[in-house]
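S.K.: sharing a model that was predicted from the sequence below.
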Amino acid sequence: MQSKYQKPSIVRKLAPFRIDDRAISYAEFAPKLYNLCMTLGFRKGLIMPSRAFCSDENQGWPIILLTKQFGTFPFNHGRVGGIVAVDRHGPHAHHGEDSVLVQASHVGYDPHSGNYGTFIRSKRIGTCVSASCGKITHVITPYLEQYNFARERIFLHKDDKGSYLVTAKNSFIDFDSHPVKDGLVLNLENMVKMHENGRIHPVSAISTSQTYEISEEFRKRIDSTGYIWKAGEGENIGSFLTTDLFYFREELHETDESILLERNLIEFMPIIVTSRNPALRAAKINIQLEFARTLESIRRGSDYTNKNLLFIAGLNIDISEYEGYPATTYFVPWAAHIQLKDKSPAEYSKPLEQERIYALLMEQDSINPEQADLKEEISRMLAAPRFDIRSPQ
């Protein structure tokens, strides 16, 4: 009999993304970034910075600090969620002799609780706490709701014969005759016993659910936690519904250009929804994927050819006003790409990973003697002559 080829399952692994001891206040990061450019041979007064940030107001101070250090308002290279508009490389490159691009998704942080994902809106009456990045929260919320729904409607139990069972709603099961078209799909092969022919058969069924005998391996995993199996209907699976036991099959919810954010996250949504801080996990994942996508677009294109370019990606961490201190933002560098006009040395032929770019930044001075005096620049603007601006004849 002719054997049937089965395509192997290829899994993408995320790289480690360290936050502890790697966060730099923008008041330090912005001058360090400028000084790094100077160390690399970028030219004073000819650098055009660009940022790919979300549009939230809590991203304003980082933009102002970049303006102060580089002496010009950064080009806008971003879409909501920290997505890079790669079709803007050309305009950005044309606006300066040397180019800097900073990409960052952002997430709020409460230093008192240690939790991520929210921010206090200072322009709202009272203490108004909301999602720090509404776009990331908007994208992941439907998946969080589906996951929490499934946790409450999948049951572990034991019958009178001593068999260990799992009962799940039909809507979570990818039947050959009726596959799941939209929603959470259980990886039953990682939970239940399979027949020798590779098929999975329920031991019983009711109107809306199927009951399966669980595999010995899965039972041992649960028993190792000290779990006590219940008879009858048992109890919901709760936190035992881990990332390897489900995935999502979805028609993407977004309809505008921010669909790129959901497309980045969908593959890793089980990791996100089971995280203690889903918004943080989603932001870190998006940064990694956007860095790779943007770097490839730079290397495949010609917009930055024969130019000095520093492209750095990282996480913006927003901290709300507290105890009389103003709101502030920290930057956690993730990776960077450096190319130099007069041929880049071998050490920059590959991306600089997190530890290397962090070390490079920390080697720089936190003071930039060439920073712009924004107050003075505004005063000069106010003192400038009033021009008589007319419509063309």
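M.R.: Arrived safely, thanks for sending.
S.K.: can you tell me the element the residue nearest the centre of the chain falls in?
M.R.: Nearest residue to the geometric centre of the chain (Cα atoms, centre = their mean): A283, 2.2 Å. Assessed by DSSP states H and E, A283 sits inside helix 278-300.
S.K.: rounded mean pLDDT for the next helix or strand after that helix, please.
M.R.: Sequence-wise, the next helix or strand downstream of helix 278-300 (DSSP H and E) is strand 309-319. The average pLDDT within strand 309-319 is 97.
S.K.: and strand 309-319, what does it pack against?
M.R.: helix 26-40, strand 98-108, helix 278-300, strand 328-339 (3 or more Cβ pairs under 8 Å, 6 or more residues apart in numbering; DSSP states H and E). For the C-beta atoms, the positions are set from N, CA and C on the backbone; glycine is no exception.
S.K.: for the ones you listed, which one sits closest to R153?
M.R.: helix 278-300 (20.1 Å; Cβ to Cβ).
S.K.: what packs against the closest one?
M.R.: By 3+ Cβ pairs under 8 Å, 6+ apart, helix 278-300 packs against strand 83-84, strand 98-108, helix 134-153, helix 259-265, helix 269-273, strand 309-319, strand 328-339.
S.K.: what's the angle from that helix to strand 309-319?
M.R.: Here the directions of helix 278-300 and strand 309-319 differ by 170 degrees (axes from the mean of the first three to the mean of the last three Cα atoms, to 10 degrees).
S.K.: buried stuff in helix 278-300?
M.R.: For helix 278-300, burial by neighbour count (16 or more other Cβ atoms under 10 Å) applies to 278-291, 294-295, 298.
S.K.: mean confidence for it?
M.R.: Mean predicted lDDT for helix 278-300 stands at 97.
S.K.: surely I312 meets V102?
M.R.: Yes: counting by Cβ atoms under 8 Å, V102 is a contact partner of I312 at 5.6 Å.
S.K.: which neighbours do these two have in common?
M.R.: L33 (Cβ atoms under 8 Å, 6 or more residues apart in numbering).
S.K.: between those two, which has more neighbouring residues?
M.R.: The neighbour count for I312 versus V102, taken as other Cβ atoms under 10 Å, is higher for V102 (27 against 24).
S.K.: and that one, what pLDDT?
M.R.: 98.
S.K.: can you tell me the SS state at the closest residue to it other than its chain neighbours?
M.R.: Closest residue to V102 apart from its sequence neighbours, by Cβ to Cβ, 6 or more residues apart in numbering: R51 at 5.0 Å. Following DSSP: H, G, I helix; E, B strand; the rest coil, we place R51 in the strand state.
S.K.: cool, G60 as well?
M.R.: Secondary structure assignment for G60 (three-state DSSP): helix.
S.K.: then the one 3 residues further on?
M.R.: Under three-state DSSP, I63 falls in the helix class.
S.K.: so what's it up against?
M.R.: So I63 contacts 51, 53, 73-74 (Cβ under 8 Å, 6+ apart).
S.K.: state the distance from the residue lying farthest from the centre of the chain to V185.
M.R.: Here the centre of the chain is the reference, and by Cα atoms, centre = their mean the most remote residue is Q393, at 52.1 Å. Going from Q393 to V185 by Cβ to Cβ, to the nearest Å gives 68 Å.
S.K.: please apply the same query to D373.
M.R.: D373 is 58 Å from V185, by Cβ to Cβ.
S.K.: so which bits of stretch 364-377 are buried?
M.R.: In stretch 364-377, counting by 16+ other Cβ under 10 Å, buried: 364, 368, 371.
S.K.: actually stretch 83-94, sorry about that
M.R.: 83-86, 88-89, 92-93.
S.K.: give me the number of residues near D388?
M.R.: 5.
S.K.: assumed it was part of a helix.
M.R.: No: D388: not assigned to a helix; according to three-state DSSP it is coil.
S.K.: now it, what are its backbone angles?
M.R.: Main-chain dihedrals, D388, degrees, to the nearest 10: phi -90, psi 100.
S.K.: same thing with the one 4 residues further on?
M.R.: Main-chain torsions, P392, degrees, to the nearest 10: phi -60, psi 150.
S.K.: where does V185 fall, secondary structure wise?
M.R.: Per DSSP H and E: strand 183-186 holds V185.
S.K.: tell me the mean pLDDT for that strand?
M.R.: In this model, strand 183-186 has a mean pLDDT of 95.
S.K.: centre of the chain to it, how far?
M.R.: 22 Å (Cα atoms, centre = their mean, to the nearest Å).
S.K.: now do the end-to-end distance for stretch 118-132.
M.R.: The straight-line separation of the ends of stretch 118-132 (Cα to Cα, to the nearest Å) is 5 Å.
S.K.: then stretch 209-226?
M.R.: Using Cα to Cα, first and last residues of stretch 209-226 are 27 Å apart.
S.K.: where does pLDDT dip in the stretch 101-250 of the chain?
M.R.: Nowhere does the stretch 101-250 of the chain drop to pLDDT under 70.
S.K.: can you pull out the strands in it?
M.R.: 118-120, 129-131, 154-158, 164-169, 183-186, 204-205, 209-213, 235-236, 246-249 (DSSP state E, counting those that start in this stretch).
S.K.: tabulate these (CSV), appending distance to S9 and mean neighbour count.
M.R.: Shown next, in CSV, are the strands of the stretch 101-250 of the chain (distance: least, Cβ to Cβ, whole Å; neighbours: other Cβ atoms under 10 Å):
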stretch, distance to S9, mean neighbour count
strand 118-120, 37, 21
strand 129-131, 34, 15
strand 154-158, 23, 20
strand 164-169, 22, 20
strand 183-186, 14, 20
strand 204-205, 29, 12
strand 209-213, 22, 19
strand 235-236, 29, 14
strand 246-249, 11, 18
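S.K.: list the buried ones in stretch 221-239?
M.R.: 221, 234, 237.
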